[in-house]
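Asks: okay, sequence plus prediction incoming.
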Amino acid sequence: MLSREEWLPLARKLDWDYSYVREDEVFPEVISGRPWLPHSEWEEWEESFKTSYREYVDNQYEKDMAVYAVRDAVGRLENIQKLAAPWTNGLKVHAAALALAEFTGVIGNLRGARFGRDSAWRTMATFGALDEYRHTQIPLLLFHQLVHWDSQFDWAHKFYHTNNWFAVAARHFFDELTVGQNAIEFHIATNFVLETGFTNLQFVGLASLARESSDHMFERMVTSIQTDEARHAQIGHPVLATVMKHDPKYVQYLVDKWFWRSWRLFSILTGLSVDYLTALDQRPYSFKEFMEEWIIDQFLRTLDEFGLKKPWYWDTFEDELDIYHHMIYASAYTYRATLWFNFVMPGPAERKWLRQKYPKYWDDMDAVWDQVSERWRNVAPGPLNEFAVHGTAMPTFCDLCQLPLSGGTPRKNSARVLLHEGRKYIFCSEPCQWIFLQEPERYASHKDIVKRVLSGEAPAQLPNLLTEYFRLTPDTWGKDVHSGDYDWLGARKTSGA
Amino acid sequence: MVITTGSEPEKPLALSLKEFMPIPLYGFLQGDTVGLLIMAEEGDTVQTLARKLQDAASLRVAGRDQVQVVYNGKTMDPTMTIAQAGLEALDRFDVITG
């Protein structure tokens, strides 16, 4: 009987020559990806985990049992109800954005499992697909039990099935990254850029915040997920290394494109939780500090190891670290009914901390919060007055990332209009416009929320837009966690509740 | 498009529908955190346009009297209509502190 060391390499590296069909028919470029290379260029493909299916199943079983045990011990409703209200609203962001995004990762990995160019790659991508299926099911399981307590948690299931503006942006991102992507671009973009860089923010960073916030269920969940990510993220490195030998310019383009696209989405997903939805005394670091450690230090080192340069817009990115997610949070707070989670206004202590962490532009953000605070002072606190402290004009969105036009700084918004083949497009930033112009045929026909409203596809009136198009209800649309009732606002009119 | 009355089909009204069609514009108010869609009318003055944007953003940015409208890098005369200023649907304009 063969030992493990004898049979595993044979099982993992099971490629053969085709006799009745050409290799480029088995692996068409359109779905395997470019550059199309004969298998001889891929046969050295290797990764370090070298897991067998049996080992994979045994490991995953143990991890699942550990998650169940933690759920039974500290994941009950009474445990969740003890958490700070802003934190539970951060959970709603992740519950919605994470679960079905992971499911799109199943599809992307299955594409690699069929159209990856070496059998070891295909084996690993099969495990990757199983991982992502697990990452779909765990949050659905854990968050669904909370629906009867708080209906906003229903968005774990519902989010991607709506035309909520943030769902449109997230779908635009994940559809391109995973669902409609060829195997090479999928594995470089997802494994190398997203999982080597940004999911560390989501899983490692948020795990430590969850620990500080005493949310041991969420901490355990994301830590368990991260152990899978660390393994299947390894697929991207040997894919990238092979393509680098033949078309380094293309690899640089993919890295530049996907780093920016990932930054845009994750600055919101993670940035808002770290700097606003975590209680001040439970924040071990700022979002920017975490980005500096995980992205600026570690990711740049990885790029250097592969002979890649930092993306051409790096100065813009570094500048945005000080301001972009703050612009988004203030904008979203003032349009909170367009989202499915609740917000908190930063008070004097939070703003002092934010000024310390983000001195470069905080004066401008402080002026915005002064103005919003003043509005709450002038109306009575209470749920009935939510819409008196809410935007009424239509906010605008980028034609590439589909996120609000909140690029640049409050003094100088970086939005730019482009006339392309007779149609006007607007982008939040130069990198978003650059990505569009690299493959306009890929993006040009997609309509952002504003264009849908203008074309009559979506309702123009805010109440109809919220209920009919964004699929929100008075119970589920976002509110101020405290209904504007903050001690630090001082004496005001009597409650309007 | 020209509106005509039923009783006097041969005599078109002096007003065209175009004058009533709102023109969607991307407005960026200095100090604000997001661009807003402003529905302007062709006959609106640049000053009116600035006021519309300031009103729309007033939850986040305090109103100011002395402002300028910048379009295509140039400061617009506040008394001009937006048609005279050359603003067209889905253009960007900025309102900055003067």
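Replies: Nice, I can see it. Residues are numbered from 1 along each chain as shown, chains lettered A, B, ... in the order given.
Asks: chain B contacts on the stretch 201-350 of chain A?
Replies: Residues of the stretch 201-350 of chain A lying close to chain B by CB under 8 Å from any CB of the partner chain are A:326, A:327, A:328, A:330, A:331, A:334. Every residue, glycine included, has its C-beta placed from N, CA and C.
Asks: excluding covalently adjacent residues, which one is nearest to the first one?
Replies: Take residue A:326 and drop its neighbours on the chain: the residue closest to it by CB to CB, 6 or more residues apart in numbering or on different chains is residue A:365, 5.0 Å away.
Asks: so how many other residues sit close to the one you found?
Replies: 23 (other CB atoms under 10 Å in any protein chain shown).
Asks: tell me which helix or strand it sits in.
Replies: helix A:362-378 (DSSP states H and E).
Asks: so where's chain B uncertain?
Replies: Counting by pLDDT under 70, chain B contains low-confidence ranges at B:1-20, B:98.
Asks: 90 instead, please
Replies: For chain B, applying pLDDT under 90 flags the ranges B:1-21, B:42, B:98.
Asks: quick check: what element follows the one helix or strand residue A:435 maps to along the chain?
Replies: Element membership for residue A:435 (DSSP H and E) is helix A:430-438. Scanning forward in sequence from helix A:430-438 by DSSP H and E, the next helix or strand is helix A:440-443.
Asks: is chain A within reach of the longest helix along chain B?
Replies: As assigned by DSSP state H, the longest helix anywhere in chain B is helix B:46-56. Yes. Judged by CB under 8 Å from any CB, helix B:46-56 and chain A are in contact via residue B:56.
Asks: who are the packing partners of that helix?
Replies: If contacts are counted by 3 or more CB pairs under 8 Å, 6 or more residues apart in numbering or on different chains; DSSP states H and E, helix B:46-56 sits against strand B:23-29, strand B:36-40, strand B:67-71, helix B:82-85, strand B:92-97.
Asks: please redo it, this time with the cut-off set to 6 Å
Replies: With contacts defined as 3 or more CB pairs under 6 Å, 6 or more residues apart in numbering or on different chains; DSSP states H and E, helix B:46-56 has these neighbours: strand B:36-40, strand B:67-71.
Asks: which parts of stretch A:205-217 are buried?
Replies: Using 16 or more other CB atoms under 10 Å in any protein chain shown as the test for burial, stretch A:205-217 gives A:205, A:206, A:207, A:208, A:209, A:210, A:211, A:212, A:213, A:215, A:216, A:217.
Asks: quick one: the helix or strand harbouring residue A:96 to chain centroid distance?
Replies: Following DSSP H and E, one finds residue A:96 within helix A:85-115. Taking CA atoms, centre = their mean, to the nearest Å, one finds the center of helix A:85-115 at 8 Å from the center of the full chain.
Asks: picking that back up, take the buried residues of stretch A:205-217 and write them to CSV, including secondary structure, distance to residue B:48 and pLDDT.
Replies: Below are the buried residues of stretch A:205-217 laid out as CSV (DSSP: H, G, I helix; E, B strand; the rest coil; distance: CB to CB, whole Å; pLDDT from 0 to 100):
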residue, secondary structure, distance to residue B:48, pLDDT
A:205, helix, 47, 82
A:206, helix, 47, 84
A:207, helix, 52, 87
A:208, helix, 52, 86
A:209, helix, 47, 88
A:210, helix, 51, 90
A:211, helix, 54, 89
A:212, helix, 51, 89
A:213, coil, 49, 88
A:215, coil, 51, 91
A:216, helix, 57, 90
A:217, helix, 54, 90
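Asks: dump those to a markdown table, plus distance to residue A:198.
Replies: Listed next are those as a markdown table, based on distance: CB to CB, whole Å:
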| residue | distance to residue A:198 |
| --- | --- |
| A:205 | 10 |
| A:206 | 12 |
| A:207 | 15 |
| A:208 | 16 |
| A:209 | 16 |
| A:210 | 18 |
| A:211 | 20 |
| A:212 | 21 |
| A:213 | 21 |
| A:215 | 21 |
| A:216 | 24 |
| A:217 | 23 |
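Asks: residue A:354: neighbour count?
Replies: Residue A:354, neighbours per other CB under 10 Å, totals 20.
Asks: quick one: the closest residue in space to it that isn't next to it in sequence from residue A:308, how far?
Replies: Residue nearest to residue A:354 in three dimensions, not counting chain neighbours: residue A:362, with 6.0 Å by CB to CB, 6+ apart. According to CB to CB, to the nearest Å, residue A:362 stands 33 Å off from residue A:308.
Asks: residues near residue 70, how many?
Replies: Picking chain A for this. Count around residue A:70 with other CB under 10 Å applied: 19.
Asks: was after chain B, sorry
Replies: Neighbour number of residue B:70 under other CB under 10 Å is 16.
Asks: quick one, what contacts it?
Replies: Counting by CB atoms under 6 Å, 6 or more residues apart in numbering or on different chains, residue B:70 touches B:94, B:96.
Asks: could you give the bridge partners of it?
Replies: For residue B:70, the beta-bridge partners are residue B:75, residue B:94 (DSSP bridges).
Asks: right, and chain B sits closest to which residue of the stretch 1-150 of chain A?
Replies: Closest residue of the stretch 1-150 of chain A to chain B, CB to the nearest CB: residue A:93 (18.5 Å).
Asks: quick check: chain neighbours aside, which residue is closest to that residue?
Replies: residue A:341 (5.6 Å).
Asks: check residue A:47 too.
Replies: residue A:234 (4.5 Å).
Asks: can you check residue A:144 too?
Replies: That would be residue A:156: by CB to CB, 6+ apart, it lies 6.5 Å from residue A:144.
Asks: how much space separates the one you found from residue A:136?
Replies: Residue A:156 is 10 Å from residue A:136, by CB to CB.
Asks: the two: who's more crowded?
Replies: Neighbour tally, residue A:156 and residue A:136, criterion other CB under 10 Å: the higher count belongs to residue A:156, 26 against 19.
Asks: ok, the more buried one - contacts?
Replies: Here residue A:156 is in contact with A:95, A:96, A:99, A:140, A:143 (CB under 6 Å, 6+ apart).
Asks: whatever residue of the stretch 101-250 of chain A ends up closest to chain B: what's it in contact with?
Replies: Closest to chain B within the stretch 101-250 of chain A is residue A:165: 11.7 Å, counting by CB to the nearest CB. Counting by CB under 6 Å, 6+ apart, residue A:165 touches residue A:449.
Asks: run the last query once more with 8 Å
Replies: Neighbour list for residue A:165: A:338, A:397, A:402, A:404, A:449, A:470 [criterion: CB atoms under 8 Å, 6 or more residues apart in numbering or on different chains].
Asks: thinking again about what came up before, isn't the residue nearest to residue A:326 up against residue A:325?
Replies: No. At 10.6 Å, residue A:365 does not count as touching residue A:325 under the criterion of CB atoms under 8 Å.
Asks: follow-up on the earlier one: mutual contacts of residue A:156 and residue A:136, please.
Replies: residue A:99.
Asks: which secondary element of chain A has the worst mean pLDDT?
Replies: When the helices and strands of chain A are scored by mean pLDDT, DSSP states H and E, helix A:199-200 comes last with a mean of 76.
Asks: what packs against that one?
Replies: For helix A:199-200, the packing partners by 3+ CB pairs under 8 Å, 6+ apart come out as helix A:216-232.
Asks: could you tell me the angle between the helix it packs on and helix A:85-115?
Replies: When axes from the mean of the first three to the mean of the last three CA atoms, to 10 degrees is applied, the directions of helix A:216-232 and helix A:85-115 differ by 20 degrees.
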